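Engineer: Return atomic coordinates for the entry below.
(one chain, ligands or ions: 1)
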Amino acid sequence: MRILLTNDDGIHAPGLVVLEAIARKLSDDIWICAPSEEQSGAGHSLTLTRPVRLREHDSRRFSVSGTPTDAVTMALRKLLPAPPDLILSGVNRGANLGDDVTYSGTVAAAMEGALAGIRSIALSQVYAAEGMADRVPFDAAAHWGEQVLRPLLGVPFAPRTLVNVNFPPLTADKVSGIRVVRQGFHDYARGSLVEGTDPRGYAYYWFGLHGIEHTPGHATDLEAIADGFIAVTPLQLDLTHQASLDAMRARYPS
Ligand code: MN
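Structural biologist: Below you'll find the model as predicted:
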């Protein structure tokens, strides 16, 4: 089984080391292609306005000067001798839950794989304390990763679908188990905005991330994490809201 790994936190991300250790329990045929710099929040962007540079770090280990989607695209179009059987993206430094999945470079890399018809899974490690981004404990992901992935290798993935996995901010022995749940939703009024003045006297603004809700929706990824479970959520790239189609069509009589 050939596995392609990527990570939106960059080729040197600690979570990529964790992911490689998980992947090597599944296969010896591992390829890595990741952005050269952190690309968190890049979403599903594809670099079109400048060239992308490719660097070989080691055998089957590459970085690109672009986005997570660029990294997967480069791997599929240029690097791998044949398409991989599996794409794993992560383990991300931080949550990719609820509505945040469309901002996520981690999830987007798996979306790109899904579009190419390849079984693709995004993995993220939630961390608890603010200001801890450089010291995220990947304990839950490291110890539970293989156990989460193996059943997903035997399940058929429908076309244009992917799986989003989040590990709770707990030591491995404190994790309650694994739940398959739907995508949750955030209260958008609560996103943070930091304002300040730069050294030259100009105002700047810095967007913060959404926190985990105190009362997340039932049977959602947010609730599973709040309850101490690993959240496994199948996602689809078809964003059509089916229930609105007929009502809108009725507004455009033919
Ligand atoms: Mn990231």
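
Engineer: Indicate the residue of this protein located nearest to the ion.
Structural biologist: As assessed by Cβ to the ion, the ion sits closest to Ser40 within the chain, at 3.3 Å. All C-beta atoms are positioned from the backbone trio N, CA, C, and that covers glycine.

Engineer: That residue - how many residues pack around it?
Structural biologist: By other Cβ atoms under 10 Å, 21 other residues sit near Ser40.

Engineer: residue contacts, it?
Structural biologist: Contacts for Ser40 were tallied using Cβ atoms under 8 Å, 6 or more residues apart in numbering; they are Asp8, Asp9, Asn92, Arg93, Gly94, Ser104, Gly105, Thr106.

Engineer: what's the neighbour count on the fourth one?
Structural biologist: Neighbourhood size, Arg93 [other Cβ under 10 Å]: 26.

Engineer: Could you verify my assumption that it touches His12?
Structural biologist: No: using Cβ atoms under 8 Å, Arg93 is not in contact with His12, being 11.8 Å away.

Engineer: thinking again about what came up before, in helices only, show me the contacts of Ser40.
Structural biologist: Counting by DSSP state H, the contacts of Ser40 place Gly105, Thr106 in helices.

Engineer: how about the residues of this protein near the ion?
Structural biologist: Asp8, Asp9, Ser40, Asn92 (Cβ under 5 Å from the ion).

Engineer: circling back to that earlier point, tell me the one of the contacts of Ser40 nearest Leu86?
Structural biologist: Thr106 (15.5 Å; Cβ to Cβ).

Engineer: show me the contacts for that closest one.
Structural biologist: The contact partners of Thr106, by Cβ under 8 Å, 6+ apart, come to Asn7, Asp8, Ser40, Pro68, Ser89, Gly90, Asn92, Asn96, Ala122, Leu123, Ser124.

Engineer: How is Val87 assigned, secondary-structure-wise?
Structural biologist: That one is not Val; residue 87 is Ile. Assigned by DSSP: H, G, I helix; E, B strand; the rest coil, the conformation of Ile87 is strand.

Engineer: Report the mean per-residue pLDDT for the lengthiest helix in the chain.
Structural biologist: Under DSSP H, the helix in the chain containing the largest number of residues is helix 139-153. Taken as a whole, helix 139-153 carries a mean pLDDT of 98.

Engineer: Going by neighbour count, which residues in it are buried?
Structural biologist: For helix 139-153, the neighbour count (16 or more other Cβ atoms under 10 Å) marks Asp139, Ala140, Ala141, Ala142, Trp144, Gly145, Val148, Leu149, Leu152 as buried.

Engineer: what's that helix packed up against?
Structural biologist: helix 14-24, strand 86-93, strand 119-125, strand 161-167, strand 177-180, strand 229-236 (3 or more Cβ pairs under 8 Å, 6 or more residues apart in numbering; DSSP states H and E).

Engineer: I'm done for today, thanks for sticking with me.
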